[in-house]
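Undergrad: Below are the sequence and a predicted model; questions follow.
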Amino acid sequence: MRKSLKAVLENRLEPSELKLLYRSYDIVGDIAIIRVPETLKQYSDHIAEAIMQTYKRIKTVLRQVSPVTSDYRLRELEWVTGERKTETVHKEHDCIFKIDLKRCYFSPRLVYERMRIAQQIQLDETVVNMFAGVGCYSILIAKHSRAEKIYSIDTNPIAVRYMRENIKLNKVGEQVVSFQGDAKTVVEEKLQNIADRVLMPLPEKAYKYLDYAMLTLKPTGGWIHYYDFEHAGKHENPIEKVEARVAKKLQNFGVSFETSFGRVVRTIGPRWFQIVVDIRILP
Ligand SMILES: C[S@@+](CC[C@H](N)C(=O)[O-])C[C@H]1O[C@@H](n2cnc3c(N)ncnc32)[C@H](O)[C@@H]1O
């Protein structure tokens, strides 16, 4: 937590309570989203006030009151203070993302992961982003690599509307092509055998959609960036568990592959992790 925010709250909260607030808020553009533990709920207004005092550019504070749920990966947000709005413009690595936080998924915490992927893209690659949201990975790739095309699919019509606006705002219309629909259907109907690289940034569905990632890849092979959730006991490695599960499924396709890299993207609960593995499908 920023030192100054801590200082503002120090008089009001116990040190143990302050600790609970660590990493419990996100800043997206000029909106702060706070997640206040049940035990500290009565301090929501103080926390919001302290955030406004600490970060002068914040115009609105919202409280997240549900986990991220549903096909569209949305969360319920309650207004706490400032302007009554849920739309904002977020800047990240020379990109601009316009987002309605109530109606589209967005996480500023994936900033490192987005750039990690963008840095791997080779000259003239064709990329398929199966779960593109408002276009963050795709636009970042367009700006920071020399990919030829980045086909970007999302089922949420509002996310796709923002993605299209973001493509214009970032002037990447030559490279990023958007589709609204279920990734399965779009791949089957329009994107078979064309990709050098496939992004699957939806852990809830990636395993089920792996067949379609294979379908969109070129017959000469390529890369799949596969995201999943995994639990790991004290002596278990969550990355190895995901690699083993994916390997089992890929063996059914009769292809050669190697998982060149895996990492914990974030911890999502006690011993639960979001994992990414980079899989190379060989010719
Ligand atoms: C976790 S979000 C990731 C969005 C984006 N990649 C990002 O990092 O901001 C997953 C996205 O997948 C979309 N989605 C869910 N099911 C889908 C499907 N069957 N086909 C295409 N998109 C889907 C949701 O609407 C959501 O925008």
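TA: Sure thing, it's come through. Note that the structure is predicted; figures quoted are calculated from it, not measured.

Undergrad: Residue 220 falls within a helix, correct?
TA: No: judged by DSSP: H, G, I helix; E, B strand; the rest coil, residue 220 forms no part of a helix; its state is coil.

Undergrad: With adjacent residues omitted, what lies nearest to it?
TA: residue 283 (4.8 Å; CB to CB, 6 or more residues apart in numbering). No exception for glycine: its C-beta is placed from N, CA and C like everyone else's.

Undergrad: In contact with that neighbour, which residues are there?
TA: 219-221 (CB atoms under 8 Å, 6 or more residues apart in numbering).

Undergrad: Next: residue 194.
TA: 126, 128, 151, 216, 218.

Undergrad: could you redo the last one with a cut-off of 7 Å?
TA: 126, 216, 218 (CB atoms under 7 Å, 6 or more residues apart in numbering).

Undergrad: Could you show which parts of the stretch 51-200 of the chain are in contact with the ligand?
TA: Applying CB under 6 Å from any ligand atom, we find that the stretch 51-200 of the chain lies next to the ligand at 71-73, 105-106, 110, 131-133, 136-137, 153-156, 159, 182-183.

Undergrad: Tell me where the stretch 51-200 of the chain has strands.
TA: 60-64, 77-82, 87-92, 95-100, 126-129, 149-154, 176-180, 197-200 (DSSP state E, counting those that start in this stretch).

Undergrad: Pipe those into TSV and attach distance to residue 239 and mean pLDDT per row.
TA: Shown next, in TSV, are the strands of the stretch 51-200 of the chain (distance: least, CB to CB, whole Å; pLDDT from 0 to 100):
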stretch	distance to residue 239	mean pLDDT
strand 60-64	28	95
strand 77-82	32	94
strand 87-92	26	98
strand 95-100	28	98
strand 126-129	22	98
strand 149-154	26	98
strand 176-180	30	98
strand 197-200	16	98
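
Undergrad: How about residue 255: what's its closest non-neighbour residue?
TA: Using CB to CB, 6+ apart, the closest residue to residue 255 is residue 281 (5.6 Å).

Undergrad: so how many other residues sit close to whatever residue of the stretch 1-150 of the chain ends up closest to the ligand?
TA: Closest approach between the stretch 1-150 of the chain and the ligand, counting by CB to the nearest ligand atom: residue 133, at 2.7 Å. When neighbours are defined as other CB atoms under 10 Å, residue 133 has 26 of them.

Undergrad: One more: residue 56?
TA: 7.

Undergrad: Can you give me the pLDDT of the residue of the stretch 1-150 of the chain closest to the ligand?
TA: As predicted, residue 133 sits at a pLDDT of 98.

Undergrad: swap in the one 5 residues further on?
TA: Residue 138 is assigned a predicted lDDT (pLDDT) of 98.
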